[in-house]
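Undergrad: output the structure for:
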Amino acid sequence: QVQLVETGGGLVQAGGSLSLSCAASGRTFPNLYMAWFRQAPGKEREIVACVSVSGSRTYYADSVKGRLVITKDNAKNTVYLQMNSLTPEDTAVYYCAARSRPATYTYYLLRTDYDYWGQGTQVTVSS
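TA: The predicted model follows:
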């Protein structure tokens, strides 16, 4: 079992920044493939970014490329999402996800690719 706890959400003005953290406990964090998803009201949950087991490879959705950065700190059992130049379109509940199955592909972009989820943290960007 893996427990994921997100922190760092909140209200920010457009153009501002927020940093989200996801602390993992349970299984060995260095063996987990990690991701951040988000879900806006009335929309499907979508991937924002993901990071490989080692932390060396990352993927970003086109809508956030150049503004968000995902990092995996295996020493702290934590994955981070630094969010810059936020816009109202970034308003959503952000979820941390972990994959414990073997990672044989470079990227995992679907909800069904992940085995564990956090409770979510609200990010609201005002215009």
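Undergrad: can you map out the strands along the protein?
TA: Counting by DSSP state E, the chain has these strands, from start to end: 2-7, 10-13, 18-26, 33-39, 46-51, 58-60, 68-73, 78-83, 92-99, 116-117, 121-126.
Undergrad: how many residues are close by residue 116?
TA: Using other CB atoms under 10 Å, residue 116 is surrounded by 18 other residues. (C-beta placed from N, C-alpha, C; glycine too.)
Undergrad: who does it form a beta bridge with?
TA: Beta-bridge pairing of residue 116 under DSSP bridges involves residue 98.
Undergrad: state the distance from it to residue 42.
TA: Residue 116 sits at a distance of 25 Å from residue 42 (criterion: CB to CB, to the nearest Å).
Undergrad: repeat that for residue 57.
TA: Between residue 57 and residue 42 the distance, using CB to CB, works out to 32 Å.
Undergrad: so which of these two has more stuff around it?
TA: When residue 57 and residue 42 are compared for neighbours, residue 57 comes out ahead with 13 against 5, by other CB under 10 Å.
Undergrad: who's in contact with the nearest residue to the more buried one once chain neighbours are set aside?
TA: In this structure, residue 57 finds its nearest non-sequential neighbour in residue 106, 6.2 Å apart by CB to CB, 6 or more residues apart in numbering. When the contact criterion is CB atoms under 8 Å, 6 or more residues apart in numbering, the partners of residue 106 are 52, 57, 59.
Undergrad: format these as a markdown table; extra columns: distance to residue 100.
TA: Below are those laid out as a markdown table (distance: CB to CB, whole Å):
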| residue | distance to residue 100 |
| --- | --- |
| 52 | 14 |
| 57 | 18 |
| 59 | 19 |
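Undergrad: tabulate those (TSV), appending distance to residue 20 and pLDDT.
TA: What follows is these, written out as TSV (distance: CB to CB, whole Å; pLDDT from 0 to 100):
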residue	distance to residue 20	pLDDT
52	19	94
57	20	95
59	17	97
